[in-house]
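Colleague: mind looking at a prediction? Sequence and model below.
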Amino acid sequence: MFTLIGVELFKIFRKWRTYIGFAAVTVLVLLIQTAIYFAKDTYVSSMTRGLDQAFMFTGNLLNGYLIAHLILGILVVHVPFLVTLVAGDLLAGEATAGTYRILLTRPVSRLKVLTAKYLAGVIYANLLVLWLAALSLGFGFILFGTGELIVMKSYIIVFAQNDIIWRFAIAYAFAGLSMTMVATLAFFFSSLVENSIGPIISTMAIIIVFVIITSIKISIFESISPWLFTSYMNAWSLPFDDPIEVDKAVKSAVILLAHIIGLFGITAFIFKRKDILS
Amino acid sequence: MCFSATFNKRKASLDYEKIIEVEGLSKNFKSLKAVNNLNINVYPGDVFGFLGPNGAGKSTTIRMLMTLISPSGGNIKIFGKELNPNRAEILQKIGAIVEKPDFYGYLSAFKNLEILGKISGTQISKNRIMEVLELVSLDKRFNSKVKTFSFGMKQRLGLAQALLHNPELIILDEPTTGLDPQGMKEIRDLILFLSKEQGKTIFLSSHILHEVELVANRMIIINKGSVVVEGMVAELLNSASLKVTFEVDDLQKALAEIDITQWKKKLESVVKNKIIFQLEQEEISVLNKLLVEKGIGISAVVPARSLEEYFLNLTEKGGK
């Protein structure tokens, strides 16, 4: 299995489309950080507007942690687009290229081929999240230094410097789980068709529609929201709460995992019986 | 193409009588019967011609043999074992080209073969990869990306991947498609080499009957998913009558002589000074003797019996 995963990763990283995601994350992170760097004062004053009457802010407010937190919130919505580029191509790309015929006539079971491809896609999705983490925190520290993390919700939480990294680790783990969910959905669509455009568009359409339903506070949508996996994709923000809603975090992780396992099971069922006509 | 690669001729004792045994194989795509109750028997050492016009069901059958599609009915045994429960074990001993040769265009020929070897779970050495590339005359382009290859080169790379793990059974689906006459001859020579020198069993699908006629010992012709005829190529050839062209110096005299004999029934057509008959093999010399005795000069006697014509006749009948 490790050999098969290695082969699939090799194939993924020999395609130029694989690097679109990494390039896009790099450009976006650097762009956001550079823009904030040059508008530091304006940014801090707009962030604390209305609060400086009641609070006195001291220390390095705009630090690497704050920037990384901000970037995670912005990009976790957009990274799925980049994940689908590769995950949607994993199976459909073989059909388009006609390479199913040489791949699936090897003396290895379809389930193993499918699992290796899927795991390679999951590794890619999580590498993208890791890249996002490394760039956000790494460049954040270089440009803005470190300090305490201020999280503003309907209330303000200030995390001590030695109480932050583990929260980021869990947040990125949740982001990775969400991207795995996106990759699983794109992979499922990829097993149905013979062109990778379809899975990419279908996955994004579903995510956009679900996110819209989740974010509009209308009673009918609010009753649907708990049934949509996108409702649990913002669980990355839970570690930045005090106290952490552990039940909510566990529930989100379990629901996402259940979706992932269920969807992969359906994909495997379909793929094992699929007639290869391409 | 060079055949100097060192292979050991396999003389293994076989514990099965038939390499491929297909019984009542069928495949339906909704209302279309692509393959209908097909029976095939391929014996060890056969070069088995699998013939049929385009759309006859050849590729669908090969896809079922290679487990790319599942049959709607029937049974497939390869190397004496049921295909589905023993899939991996059976495929380990098969090399195949299924329809057109498609590879990972962004990888080199060498890398394509290397990863296919890895996926197969067999240890394929770099020397072995270069050996099969040399066998199909692609050794000098081993490092070129496949997307830069012509169709013919891809076809040869397809053969290389089929031979990579030294399989016992080689299934070739239209292997000469896209090749020039020299390339077609090289593939034919390679098939004969693999069969005669290495004792491989070859299942050769084609719609070009001349190709099969030159290399196969047994054949089956299918049309619209069903068997039209099967047997030894030599026997099927002998069972077909010949189209014989007599080139004469005096056409009017020759036609007058023929007109008053039973040969009139055998006359098919007249083109310039050529008289074309439909004859059995033994009738050629008799007619030739008659014409010479009547003082008619004969400059040429050209018998034309090809599987091509036989095939066309059969598929036309089968198609009706």
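Modeller: Sure, I can see it. This is a predicted model, so every value here is computed, not measured.

Colleague: need the pLDDT of whichever residue of the stretch 1-150 of chain B sits closest to chain A.
Modeller: Here the stretch 1-150 of chain B gets closest to chain A at one residue, residue B:102, 3.1 Å apart by Cβ to the nearest Cβ. Placement of C-beta: from N, CA and C, glycine included. Note on residue B:102: pLDDT of 90.

Colleague: tell me which element it falls in.
Modeller: Assigned by DSSP states H and E, residue B:102 belongs to neither a helix nor a strand.

Colleague: let me see the contact set for the closest residue to it other than its chain neighbours.
Modeller: Distance criterion Cβ to Cβ, 6 or more residues apart in numbering or on different chains; nearest residue to residue B:102, sequence neighbours excluded, is residue A:98 at 3.1 Å. Listed by Cβ atoms under 8 Å, 6 or more residues apart in numbering or on different chains, the contact set of residue A:98 reads A:278, B:99-100, B:102.

Colleague: would JSON lines of those with secondary structure be doable?
Modeller: As requested, the contacts of residue A:98 are exported to JSON lines (DSSP: H, G, I helix; E, B strand; the rest coil):
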{"residue": "A:278", "secondary structure": "coil"}
{"residue": "B:99", "secondary structure": "coil"}
{"residue": "B:100", "secondary structure": "coil"}
{"residue": "B:102", "secondary structure": "coil"}
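
Colleague: pick out the most distant pair among those.
Modeller: The largest separation in the contacts of residue A:98, counting by Cβ to Cβ, is between A:278 and B:100 at 10.7 Å.

Colleague: which residue does the stretch 151-300 of chain B have closest to chain A?
Modeller: Closest point on the stretch 151-300 of chain B to chain A, by Cβ to the nearest Cβ, is residue B:161, at 6.3 Å.

Colleague: in which helix or strand would I find that residue?
Modeller: Under the criterion of DSSP H and E, residue B:161 resides in helix B:151-163.

Colleague: the following helix or strand past that helix: how far from the chain's middle?
Modeller: Once helix B:151-163 ends, the next helix or strand along the chain (criterion: DSSP H and E) is strand B:169-173. Mean C-alpha position of strand B:169-173 versus that of the full chain (Cα atoms, centre = their mean, to the nearest Å) differs by 10 Å.

Colleague: in the helix or strand just after strand B:169-173, what counts as buried?
Modeller: Later in the chain than strand B:169-173, the nearest helix or strand by DSSP H and E is helix B:181-196. For helix B:181-196, burial by neighbour count (16 or more other Cβ atoms under 10 Å in any protein chain shown) applies to B:183-184, B:186-188, B:190-191, B:193-195.

Colleague: shaky segments in chain A?
Modeller: Scanning chain A for pLDDT under 70 picks out A:47-60.

Colleague: from residue A:276, how far off is the residue in the stretch 1-150 of chain A that chain B sits nearest to?
Modeller: Nearest residue of the stretch 1-150 of chain A to chain B: residue A:98, at 3.1 Å (Cβ to the nearest Cβ). To residue A:276, residue A:98 is 10 Å away according to Cβ to Cβ, to the nearest Å.

Colleague: swap in residue A:162?
Modeller: In terms of Cβ to Cβ, residue A:162 sits 56 Å off from residue A:276.
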